[in-house]
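>>> after the sequence you'll find the predicted model.
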Amino acid sequence: MKATSDVSSGTASPPLAEILDAHARMETQVGEVYVCFASTFSQIPDLRQMWTTMALEEGGHAALVRGAQKGLLSGMLKAKSSLLPVEYLDSLGAQLADYHREAREEISLDRALRVTWELECSEIDFMRELLMSSSNLADFGFPLNMEDRDSHLGRLRDLIERYTTDEELRREVKFISSETLISV
């Protein structure tokens, strides 16, 4: 499959198989960040459990994306080509690398919660939704996970409200939570 061009911006979009490969690596890297946080804050059982669970979920997301990639390459999966420019993937990958580096170093609880919130509200989730909406993955029984995502973010919101001393993060979480409730 050839890279398609976005004529208006002049940037090339990589083949979908490359996008899926990058996406799977990003999901895995997010899981590694969460494993670091679970280890760093293992003395707080609620947080250790949350990050361990989230790391496992990220592994599941990576497996889903790798399965989609294999399905695409084998011809079983039909997907529209995505218009994600290389620069977008590079930027997201660089941000993840920074978070991964931070997670391996000494990090405050407030910063770990902020990074987690940013990752959970990031473009990676958008990429997963884009994959689901532009393919026939649902036909094969791949879950759409909207309920899981809502409960997942709910757990994270509760723990942020309970443990953070970062008032800006607390306000942001409450604001986004109220926006979500209004739109439902």
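Okay, I see it. What you are looking at is a predicted structure, and each value in this text was computed from that prediction instead of being measured.
>>> which residue ranges of the chain form helices?
Ranges of helices in the chain, per DSSP state H, are 16-40, 45-74, 86-104, 109-120, 123-133, 146-163, 167-183.
>>> redo those as TSV? Include mean neighbour count.
Any C-beta I mention is one placed from the backbone N, CA and C, and that applies to glycine too. Listed next are these as TSV, based on neighbours: other CB atoms under 10 Å:
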stretch	mean neighbour count
helix 16-40	21
helix 45-74	18
helix 86-104	15
helix 109-120	19
helix 123-133	17
helix 146-163	15
helix 167-183	12
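>>> CSV for the ones you listed, including mean pLDDT?
Listed next are the helices of the chain as CSV, based on pLDDT from 0 to 100:
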stretch, mean pLDDT
helix 16-40, 89
helix 45-74, 86
helix 86-104, 87
helix 109-120, 93
helix 123-133, 68
helix 146-163, 78
helix 167-183, 71
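>>> what about residue 75, neighbour count?
Per other CB atoms under 10 Å, the neighbour tally for residue 75 reads 7.
>>> show the model's pLDDT score for it.
On the pLDDT scale, residue 75 is placed at 72.
>>> which phi and psi does it have?
The phi/psi pair for residue 75 (degrees, to the nearest 10) reads phi 90, psi -10.
>>> got the contact list for residue 51?
With contact set as CB atoms under 8 Å, 6 or more residues apart in numbering, residue 51 has these partners: 34, 35, 37, 38, 41, 116.
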